[in-house]
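Asker: got a sequence here, can you model it:
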Amino acid sequence: SFDGKTYQNCSSLPHSIGQGFSISVWLQTTKASSYIISIGRSPDSRFESEFVLQIDSNGRLMVWDYSNGYGYNAADTPSITTGARVHVVFIRNGKIGRFYVNGVLTGTISSNTLIMNEKGAFVVGTD
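Answerer: Down below sits the predicted model:
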């Protein structure tokens, strides 16, 4: 259980996450503006090569990644901060990202550039 202020660093990824991957989590929250997962944070730079799935200030799922500029930086779902349990999936296939909530496609975003997130920390929760 995370309270919006705690996190778990699950060590480092053994390799970059590549062009295509999916993230699947169960959430139950009423808190907006919090990280869900952070992948690939570089030890010498807070954001370089990082990928983040978070809840934005309006309670929507948001994804951003960064490497000398943003690739994804968008939110495209209804608010999920209702206090109900929801199953959230984000699928990245190249420059296209799709959000699913409880098995339903709720939004599609695109990236200006394909960022290959490098090896680095894998963090669950807000840090």
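Asker: use CA for all of it now, contacts and neighbours both
Answerer: Fine.
Asker: can you report phi and psi for residue 67?
Answerer: Backbone torsions of residue 67, given as degrees, to the nearest 10, read phi -160, psi 100.
Asker: isn't it up against residue 73?
Answerer: No - between residue 67 and residue 73 there is no contact under Cα atoms under 8 Å: 12.0 Å.
Asker: shared neighbours of the two, anything?
Answerer: Common contact partners of residue 67 and residue 73 (Cα atoms under 8 Å, 6 or more residues apart in numbering): none.
Asker: what about the strands in this structure?
Answerer: Assigned by DSSP state E, the strands in the chain fall at 7-12, 20-28, 34-41, 50-55, 61-66, 70-75, 85-93, 96-101, 104-110, 121-125.
Asker: and residue 75, what does it touch?
Answerer: Neighbour list for residue 75: 56, 60-63, 109 [criterion: Cα under 8 Å, 6+ apart].
Asker: where does pLDDT dip in the chain?
Answerer: 1-18, 39-49, 115-127 (pLDDT under 70).
Asker: any idea how far the residue nearest to residue 30 when sequence neighbours are not counted is from residue 101?
Answerer: With Cα to Cα, 6 or more residues apart in numbering as the criterion, residue 30 has its nearest non-adjacent residue at 4.2 Å, and that residue is residue 81. Going from residue 81 to residue 101 by Cα to Cα, to the nearest Å gives 12 Å.
Asker: again, but for residue 53
Answerer: As defined by Cα to Cα, residue 53 lies at a distance of 14 Å from residue 101.
Asker: same question for residue 94.
Answerer: In this view, residue 94 and residue 101 are 21 Å apart by Cα to Cα.
Asker: which one's more surrounded, the two?
Answerer: Neighbours per residue (other Cα atoms under 10 Å) separate residue 94 from residue 101, with residue 101 holding more: 20 against 16.
Asker: that one bridge partners, please.
Answerer: Here residue 101 sits in beta bridges with residue 88, residue 104, going by DSSP bridges.
Asker: with that, I have no additional questions.
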